[in-house]
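Colleague: need a 3D model of the sequence below.
(chains A and B)
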Number of protein chains: 2
Amino acid sequence: MTIRYPNGNQFYEQPASSKQSSRSIDFSNRGMTLEEELNKSNLYYLNHGTAVIHKKPTPIQIVSVDYPKRSAARINEAYFRRSSTTDYNGVYRGRYIDFDAKETKNKTSFPLKNFHKHQVEHMRQCLRQQGICFAVIKFVSDQSVFVLKASDLIDYWDKQALGGRKSIPRKFIEKAGFLVPYRINPRLPYLQAVDSIID
Amino acid sequence: MTIRYPNGNQFYEQPASSKQSSRSIDFSNRGMTLEEELNKSNLYYLNHGTAVIHKKPTPIQIVSVDYPKRSAARINEAYFRRSSTTDYNGVYRGRYIDFDAKETKNKTSFPLKNFHKHQVEHMRQCLRQQGICFAVIKFVSDQSVFVLKASDLIDYWDKQALGGRKSIPRKFIEKAGFLVPYRINPRLPYLQAVDSIID
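Modeller: Below you'll find the model as predicted:
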């Protein structure tokens, strides 16, 4: 017999092996990328009047477009461009919010090569205008997500340029950053960490 | 003999006819769209540490991409999507700035159909978060540019839904809005109007 959830989705019983998870990790977000998790959280915040934060579209260099009669313009040739800013921005509690989201498979550190020079420079510029800037960093191995202030990221970035280490130790991120626990709604309540940065 | 400006650009003398302009309009911006004028102004503001305001990329729905060896990914089929937000946002004096830019060939009013419902709703949401929201409106006929507060735009928008007029009278825009005079640098010093909105 097919069992269904109230929303009509089919219920599949998990095989016994996967139930015997020895670690207390919530696997419900497995397969969802950090971007998807943040987009869902931002939609929740938007619908609840908490904040207006959107992911910017991917910048595209358009080379050729067809304008067929009676149908939508079709782009035939285009290329991805590198963004000169971070991916997310918006407004919360009257403040300008600006951040980028990065995943890493590393377990003990976050490699700085995940950021482009432009993005770090953009964060520096926003900080000068009293924007609230940070990085959302996800360690995929154990699904833990942190908010790290841009000023901390920039510290490591600048030290790297002077011959310093090429990654931020996870221990530092755990200490200086803010752990974002997974919830039902919003999935990633990262604005709690933003409250700590603002106050 | 080729005469050059200090930056190396070639100097072309204007034909006599175009010098005899009977109206005191600055034609130097002719041919430049409002978007180009704003992008240049934003770059000026960015380079001078005044504000960090960018135009968002056009949202694209990508259908098919090729990943050729040894060269950049090529998008073969994509379509334009309608943006759910305004085109410009950023941070200035610690405040969240959000606006859209529209040109009209109309001379005596600004047609509300230039705005999409999504954009007006987005402005409403941003205002609730204490963002600084407005429209930059250019009357192409005489090259005059105004900053109009989002609250004024929303007033007319909401009245339209109740059977009111489908456009904002230019007289109202001149009275309630802020004229942005063309300058050399930045071409459109629209942040002066933003100062008036903030203060």
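Colleague: and stretch A:52-60, anywhere near chain B?
Modeller: Yes. Stretch A:52-60 is in contact with chain B by C-beta under 8 Å from any C-beta of the partner chain, via A:52, A:54, A:56-60. Using the backbone N, CA and C atoms, a C-beta is placed for each residue, glycine as well.
Colleague: give me the mean pLDDT for that stretch.
Modeller: For stretch A:52-60, mean pLDDT is 95.
Colleague: for A:Val91, what are its contacts?
Modeller: A:51-53, A:97, B:96, B:98, B:126, B:129-131 (C-beta atoms under 8 Å, 6 or more residues apart in numbering or on different chains).
Colleague: how about a cut-off of 10 Å?
Modeller: A:51-53, A:97, A:132, B:89, B:91, B:95-98, B:125-133 (C-beta atoms under 10 Å, 6 or more residues apart in numbering or on different chains).
Colleague: partner strands of the lengthiest strand in chain A and their direction?
Modeller: Secondary structure of chain A per DSSP state E: the longest strand is strand A:95-104. Strand A:95-104 pairs in its sheet with strand A:88-92 (antiparallel), strand A:132-139 (parallel), by DSSP bridges.
Colleague: buried residues in the longest one?
Modeller: Right, strand A:132-139. For strand A:132-139, the buried set under the neighbour-count rule, 16 or more other C-beta atoms under 10 Å in any protein chain shown, comprises A:132-139.
Colleague: got the CA coordinates for that strand in CSV?
Modeller: Provided in CSV are the C-alpha atoms of strand A:132-139 (Å, rounded to 0.1, in the frame of the first residue of the first chain):
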residue,chain,number,x,y,z
ILE,A,132,26.6,44.4,7.9
CYS,A,133,28.9,42.0,6.0
PHE,A,134,29.7,38.4,6.6
ALA,A,135,30.3,35.0,5.1
VAL,A,136,28.0,32.0,5.6
ILE,A,137,30.3,29.0,5.7
LYS,A,138,29.1,25.4,5.6
PHE,A,139,31.3,22.4,6.4
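Colleague: pLDDT on the helix or strand just after it, on average?
Modeller: Per DSSP states H and E, the first helix or strand lying C-terminal to strand A:132-139 is strand A:144-149. Throughout strand A:144-149, pLDDT has a mean value of 98.
Colleague: is chain B contacted by the next helix or strand after strand A:144-149?
Modeller: On the C-terminal side of strand A:144-149, the closest following helix or strand by DSSP H and E is helix A:150-161. No. Helix A:150-161 lies apart from chain B when judged by C-beta under 10 Å from any C-beta of the partner chain; the minimum separation is 12.6 Å.
Colleague: helices or strands next to helix A:150-161 in the packing?
Modeller: strand A:95-104, helix A:117-128, strand A:132-139, strand A:167-169, helix A:170-176 (3 or more C-beta pairs under 10 Å, 6 or more residues apart in numbering or on different chains; DSSP states H and E).
Colleague: looking only at pLDDT, what's the mean for the first one?
Modeller: Along strand A:95-104, the predicted local confidence has a mean pLDDT of 97.
Colleague: would you mark the buried spots in it?
Modeller: Buried, per 16+ other C-beta under 10 Å, within strand A:95-104: A:95-104.
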